[in-house]
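**Q** generate a structure from the sequence data that follows.
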Amino acid sequence: MGGAPLFALNVVGFPTAKLPLEVLAEILAGGAKTTTEAGIPILGGHTTDFDVPVYGMVINGRAKASRIRRNVGARPGDLLVLTKPIGSGILSSALRARALATFFRPAPEIGQEEERTVVETMARLNRSAARAADSFPVSACTDVTGYGLFGHLREMASGSGVDAEIDLRSVPLLPGARRLVEAGLAPDGSHRNLASSRRYVEAPGLGEPDLLLLADAQTSGGLLFAVPERDAEALASAIREAGDAKAAVIGRFHPVRGAEAGTISVRP
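**A** Numbering: from 1, shown residues only. Now for the predicted structure:
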């Protein structure tokens, strides 16, 4: 939204009776490494004993009111720029399935490069992409996280009073995501996203795997920018140069065609 972080607080739930504290130390070290990369300190936090490991952060920051980016304000003719590839929900589900595989349920095949890429993508901050966008006239911006590309684009389009179109071939995917979703490895969250999006998505001829990819519930996904057509390719290039190598122009906004704004059409 155009804000700058100031400091972080850890929020931890940990099963001390089931896992050694060395595991918690590694988790906290990872969080500290990330805040160092973001240029902010961790000033403390809250911990509780829990039945499964839970970890997150509360971030405090500030933003100039005149520079706040909202997820509304997109205009007909604006193009869509996505900064990170999608498919992290599918890859994460496959990694969990591999960890829990038994003799009766074989482990899914996930290559080392596929695993490395999804972990690096989720660990990469959106800071560089957000800063690259500071030089461009962004009409609207959102992150792409738990509601998937469909869900977050729907919020942007309906709130802006426009319809949206996605070019499926332009949407960047994480390596292995398509193969794994075709094998039936998609999390429940992605299936729920797709079920709720069917009423506003027009995708004639597209199969379930393609739709699940676009509805996939992301963990630490990228940003989705709406910018004037003349600036879209330049913004995508600037984001790629800043470190998000798969940033791409994936669609555009149109005037509303029906009775309700927010329809998303998908071009194969």
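**Q** what lies in contact with the helix or strand containing P209?
**A** Using DSSP states H and E, the element containing P209 is helix 208-215. By Cβ atoms under 8 Å, 6 or more residues apart in numbering, the list of residues contacting helix 208-215 from outside reads 86-87, 90, 148-151, 166, 168, 171, 173, 177-178, 181-182, 186, 190-191, 193-194, 197, 201, 203, 266. For every residue, glycine as well, the C-beta is placed using N, CA and C.
**Q** which intervals of the stretch 51-200 of the chain have sub-threshold pLDDT?
**A** In the predicted model, the stretch 51-200 of the chain carries pLDDT under 70 at residues 103-104.
**Q** before we move on, back to that, next structured bit after the helix holding P209?
**A** Next in sequence after helix 208-215, counting helices and strands by DSSP H and E, comes strand 223-227.
**Q** contact partners of that next one?
**A** So strand 223-227 is in contact with 73-75, 78-84, 126, 129-130, 133, 136-144, 149, 152-153, 156, 160, 235, 253, going by Cβ under 8 Å, 6+ apart.
**Q** listing partners with orientation, what would you give for it?
**A** Paired with strand 223-227 in the same sheet, following DSSP bridges, are strand 79-82 (antiparallel), strand 140-143 (antiparallel).
**Q** quick one: closest of those to T47.
**A** With Cβ to Cβ as the criterion, T47 lies closest to strand 140-143 of the strands paired with strand 223-227, at 26.9 Å.
**Q** in this structure, which helix is the longest?
**A** helix 21-38 (DSSP state H).
**Q** make a markdown table out of the strands paired with strand 223-227 and add mean neighbour count and distance to T121.
**A** Formatted as a markdown table, the strands paired with strand 223-227 follow (neighbours: other Cβ atoms under 10 Å; distance: least, Cβ to Cβ, whole Å):
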| stretch | mean neighbour count | distance to T121 |
| --- | --- | --- |
| strand 79-82 | 27 | 12 |
| strand 140-143 | 22 | 14 |
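**Q** closest to A32 out of those strands?
**A** With Cβ to Cβ as the measure, strand 140-143 is the member of the strands paired with strand 223-227 nearest A32 (22.9 Å).
**Q** next one: the helix or strand following that closest one to chain centre, how far?
**A** Scanning forward in sequence from strand 140-143 by DSSP H and E, the next helix or strand is helix 148-160. Helix 148-160 has its C-alpha centroid displaced from the chain centroid by 13 Å (Cα atoms, centre = their mean, to the nearest Å).
**Q** buried residues in helix 148-160?
**A** 148-160 (16 or more other Cβ atoms under 10 Å).
**Q** again, but for stretch 57-72
**A** Going through stretch 57-72 with 16+ other Cβ under 10 Å, the ones that come out buried are M57, R69, R70, N71, V72.
**Q** ditto for stretch 121-135
**A** Going through stretch 121-135 with 16+ other Cβ under 10 Å, the ones that come out buried are T121, M122, R124, N126, S128, A129, A130, A132, A133.
**Q** now do stretch 192-203
**A** Buried residues in stretch 192-203, counting neighbours by 16+ other Cβ under 10 Å, are found at N193, L194, S196, S197, Y200, V201, A203.
**Q** what's the answer for stretch 256-268, then?
**A** V256, A261, G262, T263, I264, S265, V266.
**Q** just stretch 44-55 next, same as before
**A** G45, Y55.
**Q** how distant is it from the center of its chain?
**A** Stretch 44-55 sits 24 Å away from the centroid of its parent chain (Cα atoms, centre = their mean).
**Q** same thing with stretch 62-82?
**A** The chain centre lies 17 Å from the centre of stretch 62-82; the measure is Cα atoms, centre = their mean.
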